[in-house]
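>>> kindly return the folded structure for what I paste below:
(one chain, ligands or ions: 1)
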Amino acid sequence: MDAMSRSYFARDVAAQVAGALREIDLMLFPRGCAGCGAPDDVLCTSCAPLFDCPVHREFPPALISSGYCYSCCSYAGAVRRAILQWKDHDDVQVGRLFARFLSHRACEVVPQICTPGSRIAVVPLPSTRASIARRGRFHTVEISRPVSRALEHSLAEQEIAVRHVCAVNFHAGARKSVKGTVAQRQRRSRTQMYVRSRAYPILRAYPSVILVDDICTTGSTLLGCSRVLRAAGFHVLCAVTLAAVLPSQLQDDVH
Ligand SMILES: [Zn+2]
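Coordinates of the predicted model:
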């Protein structure tokens with residue numbers, strides 16, 4: 001058996017073992033689909049494909065140089081329910097699937113927009129301290145770290161270096177508000193965030209930033225974060241999120 005066949009064989013065995021472990025896990029701890037509640041699956045065969053319906057939102061190139069936030073799907077229905085199960089009800093099993101979906105989307109788009117030899121920082125959008133305390137975890141890193149690892153692997157051939165860094169924080173007492181006009185929310189987001197001092201040396205070495213978040217709703221946190229990074233001398237290449245509220249949905253209550 002040559003090296004390539006050995007590698008395929010190893011991957012095949014690993015996939016079979018992972019499948020068997022998943023079956024055992026579901027037998028021991030029965031659960032329903034995070035999107036629709038159908039029995040015996042983390043995401044059923046109807047809900048999983050909903051996360052492979054790519055969409056994008058446009059942003060000012062002055063702030064996000066590619067001009068886009070790329071997402072796996074739009075934020076509605078079963079997608080919304082599944083994401084809330086992960087974020088607010090600690091469904092870590094579906095979180096692992098989300099990390100795979102978003103890694104796949106990032107590996108599709110990022111290689112097309114970055115130049116060989118560039119150095120990329122993968123930065124999760126911050127959560128407020130109140131949200132982290134309420135959830136007991138900073139859930140965005142559960143998807144941003146796998147995205148960073150996947151990009152590192154996929155961009156190695158173009159000699160693009162990738163590094164994960166939690167570079168931006170909300171100030172203590174800051175609250176993510178959904179009230180007010182988009183301009184007011186953007187202003188609030190910008191003044192409520194700062195670049196962490198320990199992130200500066202890493203960002204100087206990896207100055208092209210890819211922002212990662214779970215949902216792009218109004219885009220005000222995304223833009224606030226981009227402004228804070230730009231003011232600190234770094235540039236945001238693009239953003240990737242699991243789901244996005246499309247402009248046509250914005251008048252509906254999706255929060
Ligand atoms: Zn389902």
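>>> got a pLDDT number for residue 217?
Listed pLDDT for residue 217 reads 93.
>>> and what of the one 5 residues further on?
According to the model's per-residue confidence, residue 222 sits at a pLDDT of 94.
>>> try residue 9
For residue 9, the pLDDT comes out at 73.
>>> now residue 102
Confidence score, pLDDT, at residue 102: 98.
>>> now it, what are its backbone angles?
Backbone dihedrals for residue 102, given as degrees, to the nearest 10, come out at phi -70, psi -30.
>>> quick one: it from the ion, how far?
Relative to the ion, residue 102 is positioned 19 Å away (Cβ to the ion, to the nearest Å). Every residue, glycine included, has its C-beta placed from N, CA and C.
>>> tally of neighbours for that residue?
26 (other Cβ atoms under 10 Å).
>>> so what's it up against?
Counting by Cβ atoms under 8 Å, 6 or more residues apart in numbering, residue 102 makes contact with 72, 143, 146-147, 212, 240-242.
>>> tabulate those in JSON lines, adding columns for distance to residue 124, secondary structure and neighbour count.
Formatted as JSON lines, the contacts of residue 102 follow (distance: Cβ to Cβ, whole Å; DSSP: H, G, I helix; E, B strand; the rest coil; neighbours: other Cβ atoms under 10 Å):
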{"residue": "72", "distance to residue 124": "16", "secondary structure": "strand", "neighbour count": "23"}
{"residue": "143", "distance to residue 124": "8", "secondary structure": "helix", "neighbour count": "26"}
{"residue": "146", "distance to residue 124": "11", "secondary structure": "helix", "neighbour count": "21"}
{"residue": "147", "distance to residue 124": "9", "secondary structure": "helix", "neighbour count": "25"}
{"residue": "212", "distance to residue 124": "5", "secondary structure": "strand", "neighbour count": "24"}
{"residue": "240", "distance to residue 124": "11", "secondary structure": "strand", "neighbour count": "28"}
{"residue": "241", "distance to residue 124": "11", "secondary structure": "strand", "neighbour count": "29"}
{"residue": "242", "distance to residue 124": "12", "secondary structure": "strand", "neighbour count": "25"}
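>>> many thanks, we can stop here.
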